[in-house]
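> Please work out how this folds:
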Amino acid sequence: MHRLAHSGGSAALLEWLAARLGGWTAVVGADAGAGAGAGAGPELAVRGAAELRARGVRSAVLHDEGSAALLFALDGAGGRALACVLDLPHPPGAPALLADAAAVLALVLRAEEAERREERAELAESRAREAALHLLMNGRLSTAHQIAEALGPSLPDPLRMYVVECRAGQRGEVARICRELTGGRAWIVRCPVYVRHLIALVPAGLAARSAAHDPLSEALVGAARDLSVGVSGQLLLREAPAAYTQAFHALAVARGRAGRHARFGPGPELELAAHAAGTGWAQALLAPLHGYEPRRPQDPGAQELRATAHAWLNFGPHATRLLKIHRNTLATRLRLVESVLGRDLARLPGQAELSLALRLTPGGPAASHGASPGAPDGGPAGTPGDLEGVLRHPDLSDWARAHLAPLTGPDAPSGARETVRAWLRSDAHLVPTAAALGISVPGARKRLTRVEALLERSLLQSPSARHDLWLAHRAEELAGFGGPAA
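Predicted coordinates:
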């Protein structure tokens, strides 16, 4: 009996009792739990449970025409009871067997309840960490700090972000290893979008000091099989969205390396290059969205629409997992964003434009408050009036040349530039890209995978570098060199 309870739990013990005694056996009474079976049970057992509670006794036997109900309290008077309904005459050893089983069953039920409470607590903590991550990615640092302080440890600042890809179901073990390796100072959360990804915000002092030597990544890869690690550069906490994107790009590189880990490669950052020329333009572009007032209290407001657009640009249809909304709700919000901004988000050029504008205004609606009312379109004096004006700036031209240089460098595979250009013209979709190149879809995928390793950026899995690549090609075209971006 004890071995059965240990291996199969309450359900297995009740099933064994029913087979051994040849009668109906279950747990009855308040909050009977998993072992109660379907429905309330035979009328005699229900009546017996009520009698047990009314009299405040530990056991009872009720007889009916041709049957008897034997009941033994599990939680004291008024709680649950082990009930067994047997035909008369019942086996003489049934009361003793049920009494012994009741003691074991009570312990098993309490253990199962404790396990369920622990699972609920773990789920609640996991959801709270997801919420903190979501707030962090949308610039709500104050609220994210409050949640993180309650859960522990504090959010590190400055930090390096690690994105760890492991086997399905292995994230709990990897999180435990990461906590041990960092002395509990890393802030760890399961990725709400990709079920094989774990995200760790590691204090800069504990993280990699060079791309060649990263003790934490090496220890993680050595501790678990089939594990890859991508690491961001050292950034401030308010730059967490950029840190995540960097770590994700590094992960794409790590998958193809023997060491299975990589740090974000050196290279110019679009946000830095476009800051001087593009911030005012971005504020003006997003002003209708930042000033949007919903018609009904239950409709999404400006901040929620902004977060929805940002999540969709980063994760596509998987944004529903991050935002915890239905796909129809996502589609409705995106149509509203298109209507408010007057932009077509079905094509890559519109997506790239909005992506850049969102990244240049990390403060959200607050970033629009500094716009000069006397300037054209609500932006500061001298602000370019459109995206092409921003991309013509010398800083953007220099960034584009540096960003695209590996595609024509000595290490570039044959046709790398043409493959990327065809992919961008096809709105980053594989099937039309393959048709344009005259190759199979797997062939196009293999070419883009090689380009991923060359650029050290993720292309085929979101968040993808497709927006930056389109902007770089367009900037090159406007500067008078390179082919059309789309």
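
> got the buried residues for the strand or helix carrying A422?
Take DSSP states H and E as the rule and A422 turns out to sit in helix 416-425. Across helix 416-425, burial judged by 16 or more other Cβ atoms under 10 Å covers A416, R417, T419, V420, R421, A422, W423, L424, R425. Every residue, glycine included, has its C-beta placed from N, CA and C.

> With distance to P463 and pLDDT added, can I get these in TSV?
TSV is the format used below for the buried residues of helix 416-425 (distance: Cβ to Cβ, whole Å; pLDDT from 0 to 100):
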residue	distance to P463	pLDDT
A416	21	93
R417	23	93
T419	20	95
V420	17	95
R421	21	94
A422	22	96
W423	16	96
L424	16	96
R425	21	95
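
> ok, those vs H2, which is closest?
Nearest to H2, judged by Cβ to Cβ, of the buried residues of helix 416-425 is W423 at 63.2 Å.

> could you check the distance from that closest one over to R466?
8 Å (Cβ to Cβ, to the nearest Å).

> Any buried residues in the helix or strand encompassing A12, and which?
Assigned by DSSP H and E, A12 falls within helix 2-21. Of all the residues in helix 2-21, those buried under the rule 16+ other Cβ under 10 Å are L4, A5, G9, S10, L13, L14, W16, L17, A18, L21.

> In terms of secondary structure, what does the very next helix or strand once past that helix contact?
Downstream of helix 2-21, the next assigned helix or strand under DSSP H and E is strand 24-28. Strand 24-28 sits against helix 2-21, helix 43-55, strand 81-87, with contacts defined as 3 or more Cβ pairs under 8 Å, 6 or more residues apart in numbering; DSSP states H and E.

> what's the following helix or strand after the shortest one?
It refers to strand 81-87. helix 94-137.

> nearest residue to V61 other than its sequence neighbours?
On the basis of Cβ to Cβ, 6 or more residues apart in numbering, the spatially nearest residue to V61 that is not a chain neighbour turns out to be L70, at 5.5 Å.

> and the one you found, which of the three is it?
Look at L70: counting by DSSP: H, G, I helix; E, B strand; the rest coil, its state is strand.

> For it, give me its contacts.
S59, A60, V61, A83, C84, L86, H90, A94, P95, L98 (Cβ atoms under 8 Å, 6 or more residues apart in numbering).

> ok, back up a step: with respect to D386, which of the helices and strands packed on strand 24-28 lies nearest?
So among those, helix 2-21 is nearest, using Cβ to Cβ, at 65.6 Å.

> ok, back up a step: common neighbours of W423 and R466, please.
Counting by Cβ under 8 Å, 6+ apart, the residues touching both W423 and R466 are L459.

> coming back round to it: can you list contacts of the helix holding A422?
With Cβ under 8 Å, 6+ apart as the test, helix 416-425 has contacts from 348, 404, 407-408, 430, 433, 436-437, 444, 447-448, 450-451, 454, 459, 466, 469-470, 473, 483-486.

> Using CSV, write out every CA atom in it.
The C-alpha coordinates for helix 416-425 follow below in CSV (Å, rounded to 0.1, in the frame of the first residue of the first chain):
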residue,chain,number,x,y,z
ALA,A,416,25.3,37.1,-50.6
ARG,A,417,24.4,40.6,-51.5
GLU,A,418,22.0,39.5,-54.3
THR,A,419,20.4,37.0,-51.9
VAL,A,420,19.7,39.6,-49.2
ARG,A,421,18.5,42.1,-51.8
ALA,A,422,16.0,39.6,-53.2
TRP,A,423,14.9,38.7,-49.7
LEU,A,424,14.2,42.3,-48.8
ARG,A,425,12.3,42.9,-52.1
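
> Following the chain onward from it, which element is next?
Downstream of helix 416-425 (by DSSP H and E), the next one is helix 430-437.

> related to what we said a few turns ago, which of the buried residues of helix 2-21 has the weakest pLDDT?
Least confident entry in these, by pLDDT: A5, with 70.

> Other residues contacting whichever strand or helix holds A402?
Per DSSP H and E: A402 is located in helix 394-404. By Cβ under 8 Å, 6+ apart, the surrounding residues in contact with helix 394-404 are 267-268, 270, 273-274, 276-278, 390-391, 417, 468-469, 471-473, 475-476, 478-479, 482.

> For PyMOL, what selects the buried ones among these?
In PyMOL, this line selects whichever of the contacts of helix 394-404 come out buried by 16+ other Cβ under 10 Å:
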select buried, resi 267+270+273+274+277+278+390+391+417+468+469+471+472+473+475+476+478+479+482
